[in-house]
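**Q** No sequence on hand, only this structure:
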Ligand code: DLL
């Protein structure tokens, strides 16, 4: 029965109850980690904090942060808190920003994870009657198996297609009658364009999509929803903290509910590491409260977002996290101006372009150059050179008024920007090669 994954009493509990549960679990987790993970014990000893010093939730601030480098330094199993014989599965990050990291799960961890995905699917109205196409990558990436286990738990008919082969994805979507799909939002956009081109959108039974694993804007959500005639839900997570399902959207689509019975979220100023008030942007930090094999204390995600603890119209009282605006390491500093790819995307979609773009930054004679390549649609393909130049100018000006800096815009042919089956690569920063 799907209803069992809607834990009304817990998910709508008064904040004081949620926080009491968090404090109890925080104390347990800190004790366990102090006893079992040398790096946590050494850090706590060196700052003079002991597990018994955690008396209130605010005392979390006394605990040291964990960063990705710690996971690399202890690679592969140095931060595991259980004996390897109790670890039943491993996953790993893609390693695109350096050496890969590996994380593990006990049977109980997998069960908690599947339950949290089931909670999310239930909130999105996905259950027994649904056919869910899991087009996230399987294997070491957490997306495929993470969504798979939760979808199976709520009793959907799971279609474990994994990534790639767009023609086959479309055939399966249509012939197997998928009612829900999960993948990256950029791949959803590509599937939508391909379904339009094949003229099969009207034959699809899709009604919901679960998308995440990369930043995407509200504008992009609306485009995907309109093209595929579905409701698109955001899901957030990261390998180090669990995988997908750390937070998720309900049908209000007003931020992602953090699964606060299993995680504590904090927002900090990335420079000073001081807490940032609710409603203000900062770096998102997560502490796991129940994970056995790979617990984390104050993990700095490098994602930029904000949280609110105001109750949601759905009745849930778990804190909500904004869509991450990007990562601290995605933020481009161009001629001294901070630029997030999501800002570029917003301007493009508001001007009627599809979110198919690439940002190219370089340094020539010590000056940053800033170019955005934007795909035109088939309808605009025949525009005259003068009309295209006018379009480019209009985009440059719109970006200048938002960012304070105007990129060179180059309109490129339809479908000429490479599509990704997983996370989209939006930025090419050539300065990193020349620095
Ligand atoms: O991307 C886990 C995942 C799989 C999440 C499927 C959602 C769906 P990693 O490969 O470790 O794990 O990448 C984690 O991706 O720190 C964010 O920068 C980004 N990210 C994940 N979800 C979202 C989202 C998976 N909904 C990194 N919006 C995170 C924006 C996201 N960025």
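**A** That came through fine. All figures in this text were calculated on a predicted structure; none of them were measured in a lab. Residues are numbered from 1 along each chain as shown.
**Q** from here on, contacts and neighbour counts on C-alpha atoms
**A** Will do.
**Q** For the residue of the stretch 1-150 of the chain found nearest the ligand, give me its contacts.
**A** Proximity of the stretch 1-150 of the chain to the ligand (Cα to the nearest ligand atom) peaks at residue 143, 3.7 Å away. Counting by Cα atoms under 8 Å, 6 or more residues apart in numbering, residue 143 touches 136-137, 213, 243-244.
**Q** Narrow those to those in helices?
**A** With helices defined by DSSP state H, no entry of those lies inside them.
**Q** Let's see the pLDDT reported for residue 106.
**A** pLDDT for residue 106: 98.
**Q** Around it, how many other residues sit close by?
**A** Residue 106 is flanked by 21 other residues according to other Cα atoms under 10 Å.
**Q** quick one: it from residue 236, how far?
**A** Distance, residue 106 to residue 236, by Cα to Cα, to the nearest Å: 21 Å.
**Q** got it, and residue 159?
**A** Noted for residue 159: a distance of 21 Å to residue 236, by Cα to Cα.
**Q** ditto for residue 285
**A** Per Cα to Cα, residue 285 is found 13 Å from residue 236.
**Q** out of those two, which sits in the busier spot?
**A** Set residue 285 next to residue 236 and count neighbours by other Cα under 10 Å: residue 285 wins out with 25 against 22.
**Q** show me what contacts the more buried one?
**A** For residue 285, the contacting residues are 265-268, 298-301, by Cα under 8 Å, 6+ apart.
**Q** so which of those is the most crowded?
**A** That'd be residue 267 among those, by other Cα under 10 Å, with 26 neighbours.
**Q** wait, it sits on residue 287?
**A** No: with contact defined as Cα atoms under 8 Å, residue 267 does not count as touching residue 287 (11.6 Å).
**Q** interface residues of this structure facing the ligand?
**A** Counting by Cα under 6 Å from any ligand atom, the positions of the chain adjacent to the ligand are 93, 142-143, 212-215, 234-239, 243-244, 301, 303, 323-324, 327.
**Q** Recalculate using a threshold of 8 Å.
**A** Selection of the chain residues close to the ligand by Cα under 8 Å from any ligand atom yields 92-94, 136, 141-144, 146-147, 183-184, 210-216, 234-240, 242-245, 248, 301-303, 323-327.
**Q** Quick check: strands, which of those are part of them?
**A** Residues from those lying in strands, with DSSP state E as the criterion: 92, 183, 210-212, 234-238, 243-245, 248, 301-303, 326-327.
**Q** Run through the strands of the stretch 51-200 of the chain in chain order.
**A** Using DSSP state E, counting those that start in this stretch, the strands of the stretch 51-200 of the chain run over residues 89-92, 102-105, 131-134, 157-159, 180-183.
**Q** So which of those strands is the most surrounded?
**A** Highest mean neighbour count of the strands of the stretch 51-200 of the chain: strand 131-134, a mean of 27 (counted as mean count of other Cα atoms under 10 Å).
**Q** Which neighbouring elements make contact with it?
**A** helix 142-153, strand 157-159, strand 180-183 (3 or more Cα pairs under 8 Å, 6 or more residues apart in numbering; DSSP states H and E).
**Q** Between those, which one is closest to residue 20.
**A** Nearest to residue 20 among those is helix 142-153 (27.1 Å), distances taken as Cα to Cα.
**Q** want to try a markdown table for the helices and strands packed on strand 131-134, with mean pLDDT as columns?
**A** Output for the helices and strands packed on strand 131-134, formatted as a markdown table (pLDDT from 0 to 100):
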| stretch | mean pLDDT |
| --- | --- |
| helix 142-153 | 98 |
| strand 157-159 | 98 |
| strand 180-183 | 98 |
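**Q** quick one: the helices in the chain?
**A** So, for the chain - with DSSP H - the helices run 8-11, 15-36, 38-47, 68-73, 107-123, 142-153, 166-175, 185-197, 218-228, 341-350, 385-403, 431-434.
**Q** Ok, which of those helices comes nearest residue 276?
**A** Of all the helices of the chain, helix 15-36 comes closest under Cα to Cα, at 18.6 Å.
**Q** Quick one: low-confidence residue ranges for the protein.
**A** Along the chain, segments meeting pLDDT under 70 span 1-3, 94-98, 433-435.
**Q** mind giving me the domain ranges of it?
**A** 1-328, 332-429 (automatic domain parsing).
**Q** So which of those domains is the most surrounded?
**A** Taking mean count of other Cα under 10 Å, domain 1-328 is the most buried of the domains of the chain, at a mean of 19.
**Q** Show me how far that domain is from its chain's centre.
**A** Relative to its chain's centre, domain 1-328 lies at 7 Å (Cα atoms, centre = their mean, to the nearest Å).
**Q** separation between the closest residue to residue 280 other than its chain neighbours and the ligand?
**A** Excluding its sequence neighbours, the residue lying closest to residue 280 (Cα to Cα, 6 or more residues apart in numbering) is residue 306, at 5.5 Å. The gap separating residue 306 from the ligand is 12 Å, by Cα to the nearest ligand atom, to the nearest Å.
**Q** what sits against residue 306?
**A** If you count contacts by Cα under 8 Å, 6+ apart, then residue 306 has 267, 278-282, 284, 321-322, 324 around it.
**Q** Ramachandran angles for it?
**A** Here the main-chain torsion angles of residue 306 (degrees, to the nearest 10) amount to phi -140, psi 160.
**Q** next one: residue 325
**A** Note on residue 325: its backbone torsions stand at phi -80, psi -20 [degrees, to the nearest 10].
**Q** Might one say that it is in contact with residue 340?
**A** Yes: in this structure, residue 325 is within contact of residue 340 by Cα under 8 Å, at 7.3 Å.
**Q** what sits against the residue in the stretch 301-435 of the chain positioned nearest to the ligand?
**A** Ranking the residues of the stretch 301-435 of the chain by distance to the ligand (Cα to the nearest ligand atom) places residue 324 first, at 4.9 Å. For residue 324, the contact set (Cα under 8 Å, 6+ apart) comprises 215, 303-306.
**Q** No more questions from me, cheers.
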